[in-house]
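K.L.:
Got a predicted structure plus its sequence, pasted below:
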Amino acid sequence: MLVGIVSDTHDDLEAVRRAARLFAEKGASLVLHLGDIVAPFTLRAFRDNGVGRLVAVYGNNCGERLGLRETASRLGYEIHEWPHLVGLEGKRFLLIHGVGPVEKTRMLVDSLAKSGDYDAVLYGHTHIVDNRRVGGTLVLNPGEACGCLSGKRTVAIIDTETMKAEIIEI
């Protein structure tokens with residue numbers, strides 16, 4: 001199974017269109033959004049561009065939580081507080097956004113990965129690509145779809161059979 005991974009869209013509709021089309025083109029059957037969607041209209045843009053199934057966690061910039069929850073529900077999507085555990089193909093994917101400076105988020109992510117309780121710890125918030133292993137756990141931050149800090153719009157695709165992630169610039 002291929003899973004699209006996106007974070008930090010920050011209402012950038014062009015980034016959402018590019019990501020959604022890429023995920024459809026690659027055959028991703030699920031998209032996991034790691035936070036900072038921001039406004040409900042961004043969720044509609046995922047649906048309008050072909051994303052059938054989406055599970056998300058809130059980010060620190062998601063101010064319209066009620067609107068996001070109601071829109072997600074209407075679209076058949078899910079949005080949760082983090083951490084949120086998703087089971088896929090017998091594997092455990094932990095979704096978080098992140099908190100505070102980069103170092104604080106990485107410390108949290110590394111601690112969760114070192115626990116060995118998850119097959120993957122997926123996070124956003126830092127806007128920095130991170131694709132590595134901690135023990136047997138995949139640690140992945142797809143970077144920022146919006147490209148607002150790095151100038152690069154990136155997403156990822158995970159193959160749940162191999163548990164390898166590919167970072168793709170959109």
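P.N.:
Received the coordinates, thanks. Residues are numbered from 1 along each chain as shown.
K.L.:
all strands of this structure, in order?
P.N.:
Counting by DSSP state E, one finds strands in the chain at the ranges 2-6, 30-33, 54-57, 78-80, 84-88, 91-95, 120-122, 129-134, 137-142, 154-159, 164-169.
K.L.:
List of residues touching the fifth one?
P.N.:
With contact meaning CB atoms under 8 Å, 6 or more residues apart in numbering, strand 84-88 is reached by 1, 3, 30, 32, 55, 57, 92-96, 118, 160. Placement of C-beta: from N, CA and C, glycine included.
K.L.:
Export the strands of the chain to JSON lines and append columns for mean neighbour count, distance to Ser111 and mean pLDDT.
P.N.:
Compiled in JSON lines, the strands of the chain are given as follows (neighbours: other CB atoms under 10 Å; distance: least, CB to CB, whole Å; pLDDT from 0 to 100):
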{"stretch": "strand 2-6", "mean neighbour count": "26", "distance to Ser111": "21", "mean pLDDT": "98"}
{"stretch": "strand 30-33", "mean neighbour count": "26", "distance to Ser111": "21", "mean pLDDT": "98"}
{"stretch": "strand 54-57", "mean neighbour count": "24", "distance to Ser111": "18", "mean pLDDT": "98"}
{"stretch": "strand 78-80", "mean neighbour count": "18", "distance to Ser111": "20", "mean pLDDT": "98"}
{"stretch": "strand 84-88", "mean neighbour count": "15", "distance to Ser111": "16", "mean pLDDT": "97"}
{"stretch": "strand 91-95", "mean neighbour count": "20", "distance to Ser111": "11", "mean pLDDT": "98"}
{"stretch": "strand 120-122", "mean neighbour count": "27", "distance to Ser111": "9", "mean pLDDT": "98"}
{"stretch": "strand 129-134", "mean neighbour count": "16", "distance to Ser111": "9", "mean pLDDT": "98"}
{"stretch": "strand 137-142", "mean neighbour count": "25", "distance to Ser111": "11", "mean pLDDT": "98"}
{"stretch": "strand 154-159", "mean neighbour count": "23", "distance to Ser111": "21", "mean pLDDT": "98"}
{"stretch": "strand 164-169", "mean neighbour count": "16", "distance to Ser111": "20", "mean pLDDT": "98"}
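K.L.:
Kindly reformat those strands as TSV containing distance to Arg18.
P.N.:
As requested, the strands of the chain are arranged in TSV below (distance: least, CB to CB, whole Å):
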stretch	distance to Arg18
strand 2-6	10
strand 30-33	13
strand 54-57	16
strand 78-80	21
strand 84-88	24
strand 91-95	22
strand 120-122	20
strand 129-134	16
strand 137-142	13
strand 154-159	8
strand 164-169	9
